[in-house]
Structure formats: structure tokens, C-alpha cells
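**Q** Just the structure for this:
(one chain, ligands or ions: 2)
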Amino acid sequence: MGIPIGQQIILGRYLLRKKLERAKRFPILVEVEPLFACNLECAGCGKIQYPPEILKKRLSVEQVLAAMDECGAPMVSLAGGEPLVHPEIDQMTRRLLDRGLVVFLCTNALLLEKKLHLFEPHPRFSWTVHIDGMRERHDASVCRNGVFDRAVAAVKRAKRHGFQVTTNTTFFKSDTPADVRSVLEFLNDDLGVDGMMISPGFAYEKAPRPEEFLTVPAARKLFREAFRGRRDEWRLNQSPLFLDFLEGKTELECTPWAIPSYSIFGWQRPCYLMADGYARTYHELLETTNWDAYGRGNDPRCANCMAHCGYEPSAILATMGSLKEAIRAVTAR
Ligand code: SF4
Ligand code: SF4
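**A** Residues are numbered from 1 along each chain as shown. Ligands and ions are numbered 1, 2, ... in the order given. Below is the predicted model:
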């Protein structure tokens, strides 16, 4: 289905304004990490490796609002850590929606049913539930049995209460095209989620067990085979051009400044996958980062990256710059 029409309109207006302002670099969505603490201990997670004094820290609602005001992005993704552990996450969400932003709340869903009453459905609000595969695969990925069933129950309950629910699934070296298809069919057809995001796992700096992550050729082979004849049937919440990129049908350059990451440390340089220092403001991040030094072909650490935060904005910007791609994005089912 591509990016939902309501988000396309908000994004389209914002991108048009940036074009008229002749802005060279600007944020489209901010990955806010209001805490690094989590109620799970997934093997692939680098966030929970921080020392206890860091894991205790929280961004306040005011800090998050100030960061969003300063950078001016129209969309925000609240992640972590587990954002539902944050005691003010409901207020933070409400205040961000009051400012007219599109808000995604990324969660492992363990606390979703317990905290659902603190939230209200809103056309600009979506839960984004982390589901890495079917029961056995997901529970292995998060290193705890029973998490898949709780996440599925939470998705059903949120849907029954009128919330938009999207999912986020990361694939690793051990996944086969059949694994990709089975989880997407389950989320799309059985669970009826509103949109699905997929990404190849990438061995970012703090990730343990880098041998489990996909190289670019392996990721492209996996997605090409998994998508064969099926891609347009699924409500993938990503632009057609980004999906082409995942399949190896097109190349894109990384634009990490468009999906920056903000946490208790400040604005992370250059993206949420690497930490070459932090800036106090988004504008400082823009001005003090040598953006040409990053991306595949520029920095060896980026060699196998196809991450959403680097390449989905590139796809969106290319789509907006091409009438043909814009029509394709709007008409994608
Ligand atoms: S749920 Fe997310 S933040 Fe928590 S341990 Fe797993 S990957 Fe890390
Ligand atoms: S390619 Fe871009 S998004 Fe990926 S790690 Fe490098 S700078 Fe970050």
C-alpha cells in the first residue's frame, strides 16, 4: 500500500515547503529514544548494554517537545528501549499529537494491553509493534517464550479499540524467503495490521553477534525471492522505491540527516546505527557533521547498511522529485 495517504499529505506539504525554502538538508522523521531501558533482553539489541546509570535516565516530555520544535520535522517515532516503560509516555504522545505531528510509538507490546487505556485512537497516531517472525522465531529473537502470543493479543486488542497498528520486522541471515512470506502473510491477512515495515538486520556498532546480520547481496536475494509475485498484495508501509532498493532494482544514496536520532545524549552523529559523537541541537548536527563521509562507498562501516533511517528518506525525496514515482507511490495498494 505504500505510505498511508494522510501521512503522504502531511509529508507532501512539508516537502513542498522545504523545496520553496530551497532547504538542502532537513529532517523528515525523528527517531526519539526517550530511554534505553527495556523489559526485554533481545540478543540483537545494543541499547540495553549501556551501564545502569544510563539505563536509569529518561528524556522529559519538555525535552522531547523542545527537540521537535527546534528541528521542525513533521513525524516522530518514539522508540528506545521500551517507551511504554517511560512513566510519561502517554503525556509525551498527547503533547506531540497536539503539535500536529504524526506519532509512531514503537513497542515490544509487553505493556501495551496494561497501558492501552492511557491512550486514545488518533488519525496521526500508530502503534508500531516489533514482531520479528512467527511464534518460535520471534520468541527466539527476543530471548523469551510467550512474547509472540502477548504481542499478537495486544495487537488484536488495540485494533478492537480503534487504534492504528503497524508492525516492524527485522530479518536476519537465518531467515528464508518462506520465513519472510509466512510472517508477512500472517500480519497482513490474519492479524489485519494497518501497515508493515521490514528491514534487513544490520551489524551496527554496538550490536552483539554481527555474524547473524545480512550482507547487501544476501538481503537483496532474500527480499527478491520473498517478494516474488506477492509484494503488491501486502500492506507494506514503505515507499515502492525503498522496496525496489531492498530488492536490488535500484540504488539510493544514504541521507541520514533526514531521519536523525535524538536521545539522552543529544542528536546522534550520523544516524542511530553509529555514534560518532552527539550534537546539542539538530542545527548543530547539520552544521558540524561531514555528511559526505558517510553512506555505502564512503565509510566501510556503512558497507552492508540498507537501513530505513538512511535509505527510506532517499526514496521519499526521489519519489517527490519524479512525477512517475509520485503517481506510483500514491496508487500503490
Ligand atoms: S525490545 Fe527492543 S529495545 Fe528491548 S531489548 Fe529488544 S530490541 Fe532492545
Ligand atoms: S549507511 Fe547511512 S544509515 Fe547506514 S550506518 Fe551509514 S550513515 Fe547510518
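
**Q** could you dump the longest helix anywhere in the chain to CSV, C-alpha only?
**A** As assigned by DSSP state H, the longest helix anywhere in the chain is helix 5-20. Output in CSV follows, covering the C-alpha atoms of helix 5-20 (Å, rounded to 0.1, in the frame of the first residue of the first chain):
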residue,chain,number,x,y,z
ILE,A,5,-2.5,8.9,2.3
GLY,A,6,-2.9,11.0,5.4
GLN,A,7,0.8,10.8,6.1
GLN,A,8,1.5,11.5,2.4
ILE,A,9,-0.4,14.7,2.5
ILE,A,10,1.4,16.0,5.7
LEU,A,11,4.7,14.9,4.2
GLY,A,12,3.9,16.3,0.8
ARG,A,13,3.1,19.8,2.2
TYR,A,14,6.2,19.8,4.3
LEU,A,15,8.4,18.7,1.4
LEU,A,16,6.9,21.3,-0.8
ARG,A,17,7.6,24.0,1.8
LYS,A,18,11.2,22.8,2.1
LYS,A,19,11.5,22.9,-1.7
LEU,A,20,10.3,26.5,-1.8
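
**Q** does whichever helix or strand comes after that helix come close to ligand 1?
**A** Of the helices and strands lying after helix 5-20 in sequence (DSSP states H and E), the nearest is strand 29-33. No - applying C-beta under 6 Å from any ligand atom, one finds strand 29-33 separated from ligand 1 by no less than 9.0 Å. C-betas here are computed from N, CA, C, even on glycine.

**Q** near ligand 1, anything from the next helix or strand after strand 29-33?
**A** Note on strand 29-33: by DSSP H and E, the next helix or strand toward the C-terminus is helix 52-55. No - figure legend: helix 52-55 not in contact with ligand 1 (C-beta under 6 Å from any ligand atom); closest approach 10.9 Å.

**Q** Show residues contacting helix 52-55.
**A** With C-beta atoms under 8 Å, 6 or more residues apart in numbering as the test, helix 52-55 has contacts from 35-37, 48, 264.

**Q** do the same with stretch 268-287
**A** The set of residues external to stretch 268-287 that reach it, using C-beta under 8 Å, 6+ apart, is 25, 27, 31, 33, 67, 70-71, 202, 204-206, 254, 256-257, 259-262, 265-267, 288-289, 291, 294, 301-302, 305, 307, 309-310.

**Q** got the angle between the longest strand seen in the chain and helix 5-20?
**A** The longest strand of the chain (DSSP state E) is strand 164-171. Angle, strand 164-171 to helix 5-20, by axes from the mean of the first three to the mean of the last three C-alpha atoms, to 10 degrees: 80 degrees.

**Q** Quick one: name the residues of the stretch 151-300 of the chain near ligand 2.
**A** So the stretch 151-300 of the chain meets ligand 2 at 254, 256, 270-271, 273-274, 294-296 (C-beta under 6 Å from any ligand atom).

**Q** Kindly present those as CSV, with separate columns for pLDDT, secondary structure and neighbour count.
**A** Shown next, in CSV, are those (pLDDT from 0 to 100; DSSP: H, G, I helix; E, B strand; the rest coil; neighbours: other C-beta atoms under 10 Å):
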residue, pLDDT, secondary structure, neighbour count
C254, 96, coil, 24
P256, 96, helix, 28
P270, 97, strand, 25
C271, 95, strand, 25
L273, 90, coil, 21
M274, 92, strand, 19
Y294, 95, coil, 24
G295, 93, coil, 21
R296, 88, coil, 19
